[in-house]
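Q: Build the 3D model from these lines:
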Amino acid sequence: MSAPPVAETVRRSWIDAAGLAGRSRTVRVLTATVAAAALLVTVGGILLPVERPEHRPLSAAVGVGLAIALAAAGQLARLRFRLGRGVVSVSWGEAAFIIGFVVAPPGWVPAATLIGAIVAWALLSWLHDHRSVAEMTHLAASLSLGAAGAATVAHLIIGDAPVLSTRAQAGLVAGAITYLVITFALAVLTLTLHQDAPAGQILTRVAYTKLPMFVGSALVGLTAVFTLIRAPYWLFAFVPALWLLQRTYRFHLRAEEERRMWEAFAEATAALPGGSEAEVARAGLTGALDVFGARRVEIEVLAADGEHRYAQDGPGQDNAVAGLPGPAITRSMAVGDEIVGEFTVWLAEPTLPVPRDEAAISAYGDALAGALHDASARERVAQLEERVADAAVHDQLTGLINRSTLVADGDRLLGSDDQQRQVALLLLDINDFREVNGTLGHRCGDEVLALVAERLTDLKREHELLARSGDDEFALLIPAIRPLSDSAALLHELPGALPVALRRARELVEEVGRPMEVAGVRLAIEVSIGVTVTKADGADISELIRRASLALDQAKAQELAVAPYDAARESMTTDALALLAELREALAEDDQIVLHLQPAVDLTTAAPTGVEALVRWQHPRRGQLSPNDFIKTVEHTELLMPFTRRVLDLALASVSTWNAAGVDVPVSVNVSARSLLDPGFPAQVADALRRHRVPASWLVLEITESVAVSAEEIVDDVLAQLRESGVQLSLDDFGTGYSSLSIVTRAPVDEIKIDRSFVDDMIDSPAAEAVVRGAVELGSRLGVRVVAEGVETIEQRAALIALNCPTAQGYHFCKPMPADRIVQALTQLAGAALDNVHQLRADDAS
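A: Modelled structure (predicted):
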């Protein structure tokens, strides 16, 4: 049954006044028990008859007064040391007991000790210790019980023997030992119940500290008694001797305490984990409580998302009830000029902190700041890695998987279950999407793409894969097509599966074409879908995408919503056959396959940093052709190897010329995906370098988007051999969705080239700017070069400089030029680099 409110209030007020607030019930019971026992033995001793033997030097009254004074002096001359979260006092109590037992009646020794201790601790509390009534009562009562036990043992042994007899000396020593045992046991019990430190540590430290002082205290007491009886005037010599002994022992205790504190400091700082911020903070709190014996520790961390607060109280103290005892030391935590947070320690002692406490707390705060800063950096890197890993799998705008993930997951899906089942791939493209971007802006265009992805996701069924495979292109892989007929005999026949896939495609067209509202404008978009159906056995996702893309082109050309793949339209035309023959002739000549070279420059100084080799075909009949006109024919025929050899020869010959002119920059050459599937390609590159006597580091091989989506192990082997030979690798068209960030970990690259589409849009599109910023930051963290492609305006250059992009390439700096003009252009760029360092303005000429 709970106490009435008034009684509870009175009880709380009494507890607060006595200084018991925040202490456990066990400690309160112990204090009350010790105080009651001390009061009982004190009163009992006073009531005993006073018998003063003739050989005692002083009268009873004088003796009691001297015993009180000695008990007070012994406590005033105490030495203190920190033990966990508590403070232990070591006094000259044994010496005071020995002398007091000799000069005062034995029954009065507990009372004299109690009175003297209370006077001493009250004076100490008033001056600087600020002890509570409960603490002073507990201390004085413990000493009184020790004196009572010691007086009893000594009186039983000594009896009526003379003071200087051997029997009396043995009794005094036995009494001093009894005093030590009782006070030692009560001190250890109190500290253990208060949970100031582990019991084993308390027992060891108190014994280690008290025993040497006990020996000295007992010797001082016996010597003082002998001097008092035989030659009292020699007592004056005790003052300097005791002062020197006190100072020596104080220095010893302080040195030992500092040594232990710094050992605990080293262990605590070494134990700071390399984990998260919360783990470091919790370890820092625990370590600070142990090192400084603190009652409470708080850590405030300044993070990007606001302030994080961590706090921990020492055991055995309810700070919510008792308040925060002791002075507080607060230190700002910083690493260099970066503020990490604040570190606050509430010390156990009520006195002002000494300089060594402040120095140790400052040093601990510095170590903790470094650990928290490292934890924050690790978390930021982990978040960046998580974003990079997610970007390698998902499209960041729509949340759908990207093309590379579709290829990887799709191939695994096709390789499972029934290999005779029919599978379908639907490739969807938004018609005239460029008009949406041009009319409403890229931000609204992104919103349209997100809405389309959302509608397609709602239509996606279990086990199907939906991906954003291009800018405004989506792919849906249906891993199992069930034909319209219910006949089991038709389950694996193509004529039965294609109508189902076409009907599914028309459903997508109808759903996606529903009106939508974007930026307050109600609009409806039209889409075209290319459909391809085949057996799962031997199916390849890349091939399905290619076929669906051909069907999509057919749908757009015929202005249809849905079109199936038609193998008949893929047969080679006469023009394609002629192109193949003409390419063979071109490779046999020396002047048809040529290179146009475009420098990449430092964004700040415009100094050249590299040159990209762009292949051109000087066709005798059709004029100059770009790679788009012939490169597919090269990649899908046996001409790839001789064509690659020709391009490498031209590029390495060019790099030799400008290096001979004093311009030390590498040349970049685009590499076909098929070349990286050829185990002999690294040897072909090494042979070209050897023939032209060009160091491998002067050659940069640019990896196209098809490499990033390749799951072939041979690609990894080829890239590894190229890296080992010293050839540099560049990840081209970074961020387009065709590329995969997994290539960065599969084959570490030396350079990242940001696709020009993001550079074109970054001024008006926050999403494009975010991609560029992410690529620059990724390159910086990976320690690789970053090149922005397609820079054509001063505004784009200024924006890239603001994002700390180091290098760029585009018409703003230099157009592609024939090989015979590149040396002069590079020399001019290098010579004028210092003159090009100036503050960019929006109205600067490009």
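
Q: before we move on, which element is E307 in?
A: strand 306-313 (DSSP states H and E).

Q: chain center to that strand: distance?
A: Relative to its chain's centre, strand 306-313 lies at 17 Å (Cα atoms, centre = their mean, to the nearest Å).

Q: For that strand, enumerate its sheet partners and note whether each is parallel or antiparallel.
A: According to DSSP bridges, strand 306-313 forms sheet pairs with strand 296-303 (antiparallel).

Q: Just the C-alpha atoms of the strand it pairs with, please, in PDB.
A: Taking C-alpha atoms only, strand 296-303 is exported to PDB below (Å, rounded to 0.1, in the frame of the first residue of the first chain):
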ATOM      1  CA  ARG A 296      28.100  11.400 -16.100                       C
ATOM      2  CA  VAL A 297      29.400  11.900 -19.600                       C
ATOM      3  CA  GLU A 298      27.700  13.500 -22.600                       C
ATOM      4  CA  ILE A 299      28.700  13.700 -26.200                       C
ATOM      5  CA  GLU A 300      27.100  16.000 -28.700                       C
ATOM      6  CA  VAL A 301      27.900  15.200 -32.400                       C
ATOM      7  CA  LEU A 302      27.300  17.700 -35.200                       C
ATOM      8  CA  ALA A 303      26.100  15.700 -38.100                       C
END
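
Q: Please point out which parts of that strand sit buried.
A: R296, V297, E298, I299, E300, V301 (16 or more other Cβ atoms under 10 Å). Glycine gets a C-beta too; all of them are placed from N, C-alpha and C.

Q: ok, back up a step: show me what the mean pLDDT comes to for the strand holding E307.
A: Mean per-residue pLDDT for strand 306-313: 85.

Q: just stretch 592-606 next, same as before
A: pLDDT averaged over stretch 592-606 gives 91.

Q: buried sites along stretch 26-36?
A: V27, L30, T31, A32, V34, A35.

Q: Just give me the closest of those to S416.
A: V27 (68.4 Å; Cβ to Cβ).

Q: Grab the nearest non-local neighbour of that closest one.
A: L193 (5.2 Å; Cβ to Cβ, 6 or more residues apart in numbering).

Q: Does that neighbour touch T26 like I think?
A: Yes: in this structure, L193 is within contact of T26 by Cβ atoms under 8 Å, at 5.1 Å.

Q: so where's the longest strand in this structure?
A: Longest strand of the chain, by residue count under DSSP state E: strand 608-619.

Q: The nearest residue to E307 once chain neighbours are set aside and I329: what is the separation?
A: Leaving aside its sequence neighbours, E307 sits nearest to E300 (Cβ to Cβ, 6+ apart; 5.9 Å). With distances taken as Cβ to Cβ, to the nearest Å, E300 is found 14 Å from I329.

Q: before we move on, back to that, buried residues of the strand holding E307, list them for me.
A: Applying 16+ other Cβ under 10 Å to strand 306-313 flags Y310, Q312, D313 as buried.

Q: how about the strands of the stretch 551-700 of the chain, start to end?
A: 562-564, 593-602, 608-619, 623-625, 667-671, 699-703 (DSSP state E, counting those that start in this stretch).

Q: Mind giving me the packing neighbours of the third one?
A: Just to be clear, that refers to strand 608-619. Helices and strands touching strand 608-619, by 3 or more Cβ pairs under 8 Å, 6 or more residues apart in numbering; DSSP states H and E, are helix 574-588, strand 593-602, strand 623-625, helix 640-660, strand 667-671, strand 785-789, strand 807-809, helix 819-831.

Q: Take those and write them to TSV, including distance to A104 and mean neighbour count.
A: Converted to TSV, the helices and strands packed on strand 608-619 look like this (distance: least, Cβ to Cβ, whole Å; neighbours: other Cβ atoms under 10 Å):
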stretch	distance to A104	mean neighbour count
helix 574-588	121	13
strand 593-602	94	22
strand 623-625	120	12
helix 640-660	104	19
strand 667-671	102	24
strand 785-789	90	24
strand 807-809	94	25
helix 819-831	102	17
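
Q: for those, which one sits closest to E435?
A: Short answer: strand 785-789, nearest of the helices and strands packed on strand 608-619 by Cβ to Cβ, at 25.1 Å.

Q: Name the strands paired with that closest one and say parallel or antiparallel.
A: strand 751-754 (parallel), strand 807-809 (parallel).

Q: Export it to PDB, keeping only CA atoms.
A: The C-alpha trace of strand 785-789 is given here as PDB (Å, rounded to 0.1, in the frame of the first residue of the first chain):
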ATOM      1  CA  ARG A 785      40.600  11.400 -64.100                       C
ATOM      2  CA  VAL A 786      37.200  12.800 -65.000                       C
ATOM      3  CA  VAL A 787      36.600  14.200 -68.400                       C
ATOM      4  CA  ALA A 788      33.300  16.000 -69.400                       C
ATOM      5  CA  GLU A 789      32.500  15.400 -73.100                       C
END
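
Q: roughly how far is that strand from the heart of the chain?
A: 28 Å.
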